[in-house]
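[1] Got a predicted structure plus its sequence, pasted below:
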Amino acid sequence: MSGVGVGVIGAGNVLWAYLQVLDRLIPRGVAWEGPICARRVQTWPEILALRPGARLVESADEVLASDVTVVAIVTSPDAHAELVRRALEAGKHVVCEKPVAMSRAEAEPLFALAAERGLHLLAAPFVQLSPSFRDLWTRVADDAIGAVHSTRGLYGNPGSTWAEWFHTAGVGPLAEAGIYNLKSLTALVGPVAEVYAAEATALASREIAGRMIEGLDPDVSHVVLRHASGALSSVVSSQAVQRYRRPGLELYGTEGTANLLGDDWDPLGFEIWRNADGCWSAYEPLDATWLWADGLREAVDAVVEGRSPMSHGDHDLHLLEVVDAARVSAREGRVVEVTSRHEIPDLRLVVDVDRHHLHDHTRPFDQQ
């Protein structure tokens, strides 16, 4: 084994995306696979059928006691904060699925502990790591469409038929799905100053894991944001959206328009209208192989290269405060102020690859 050891706590449906990322790191000699905690032993045969040779363990303690350097936490959200704390106390760098905690107040001590121990804590979503998103960010930062005054984001899914926590744990569609758009838009146009939100329940009952579940959380969220810059954003997120066809993100500026195509967690490129050009310009995705679990790659590379990761705790804490504010706003029917601020991360990307000569879409753009 060479490189950085990576252990995983959680064996739900997102495990396989993180293992895909790990499988890209292992051949580079920068990582090796440690234990995977799957609490339900009855799932082990199915996991081993898909991942022969995986080292499965029943307890998170067994992962934390191992000699891995990085731990990825991909359990249900209600367990995230406690597992992050335990992993940091065990001296591990941590990559955690979203949300890293159920509130800003619960997350603040975790980022403080990571800083105190000199450890990395990377919280999903990782949209800011996508080469296509960084390319779009660079063009917007360079005034390709002038001053951005309005943005729109949408991300939805039909909900879960396998995990009850999606609809009963108080997470909600904004923290589970819309947080992708929140991270993208606050990276593009800066922190949020005010939130006005409304929620609704489209489905009063659902069949989940073979049982009919009643008394479900709201599954539709509409949020209007006023950014500190003065720009306005609208974010729609839902666990009752069956399909949609529209840009994942829309940005309207004083000199043009930019649309991110696909979703920000799975970008299909982008298009830009510039008044000066009088036409739309289309840009293919820089890396069609990019995975939304890329925070694991970033954490491992940061450890290997001895640098800080391109992930900022103040940004993730700000997002949790926005989610907190949206919950209050929806409940009380009023505008709620967001007091925290974060620096817009520097995501500048110098593109030196010819988009017309990507012959092998199984490899990242920088490995063609």
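    Now that the structure is in, tell me what you want to look at.
[2] Going by residue numbers, what spans are strands in the stretch 1-150 of the chain?
    4-9, 31-37, 56-57, 70-73, 93-96, 121-123, 148-156 (DSSP state E, counting those that start in this stretch).
[3] Now mean neighbour count and mean pLDDT too, for these, in JSON lines please.
    Where you see a C-beta, it was placed from the backbone N, CA and C, and this is true even at glycine. Below are the strands of the stretch 1-150 of the chain laid out as JSON lines (neighbours: other C-beta atoms under 10 Å; pLDDT from 0 to 100):
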{"stretch": "strand 4-9", "mean neighbour count": "25", "mean pLDDT": "98"}
{"stretch": "strand 31-37", "mean neighbour count": "23", "mean pLDDT": "98"}
{"stretch": "strand 56-57", "mean neighbour count": "18", "mean pLDDT": "98"}
{"stretch": "strand 70-73", "mean neighbour count": "28", "mean pLDDT": "98"}
{"stretch": "strand 93-96", "mean neighbour count": "28", "mean pLDDT": "98"}
{"stretch": "strand 121-123", "mean neighbour count": "27", "mean pLDDT": "98"}
{"stretch": "strand 148-156", "mean neighbour count": "21", "mean pLDDT": "97"}
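[4] now for the ones you listed, which one comes closest to E194?
    Closest approach to E194 among these is made by strand 148-156 (14.8 Å; C-beta to C-beta).
[5] hmm, who's touching the closest one?
    140, 173, 177-178, 180-182, 184-185, 188-189, 229-241, 244, 246, 248-254, 263-265 (C-beta atoms under 8 Å, 6 or more residues apart in numbering).
[6] Quick one: the strands in the stretch 151-300 of the chain, in order.
    In the stretch 151-300 of the chain, the strands defined using DSSP E, counting those that start in this stretch lie at 192-200, 206-208, 211-213, 220-227, 232-238, 249-253, 256-263, 266-274, 279-283.
[7] any idea of the mean pLDDT in the second one?
    Mean per-residue pLDDT for strand 206-208: 96.
[8] Give the buried residues for it.
    R206, I208 (16 or more other C-beta atoms under 10 Å).
[9] Could you name the helices and strands sitting against it?
    With contacts taken as 3 or more C-beta pairs under 8 Å, 6 or more residues apart in numbering; DSSP states H and E, strand 206-208 sits against helix 165-168, strand 211-213.
[10] Deepest-packed of the ones you listed, please.
    helix 165-168 (a mean of 21; mean count of other C-beta atoms under 10 Å).
[11] Need the CA coordinates for it. PDB is fine.
    The C-alpha coordinates for helix 165-168 follow below in PDB (Å, rounded to 0.1, in the frame of the first residue of the first chain):
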ATOM      1  CA  TRP A 165     -34.700   9.800   7.000                       C
ATOM      2  CA  PHE A 166     -35.100  11.800   3.700                       C
ATOM      3  CA  HIS A 167     -38.600  12.600   4.700                       C
ATOM      4  CA  THR A 168     -38.900  12.300   8.500                       C
END
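[12] Make a markdown table out of the strands of the stretch 1-150 of the chain and add distance to Q20.
    Formatted as a markdown table, the strands of the stretch 1-150 of the chain follow (distance: least, C-beta to C-beta, whole Å):
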| stretch | distance to Q20 |
| --- | --- |
| strand 4-9 | 12 |
| strand 31-37 | 12 |
| strand 56-57 | 18 |
| strand 70-73 | 12 |
| strand 93-96 | 14 |
| strand 121-123 | 17 |
| strand 148-156 | 21 |
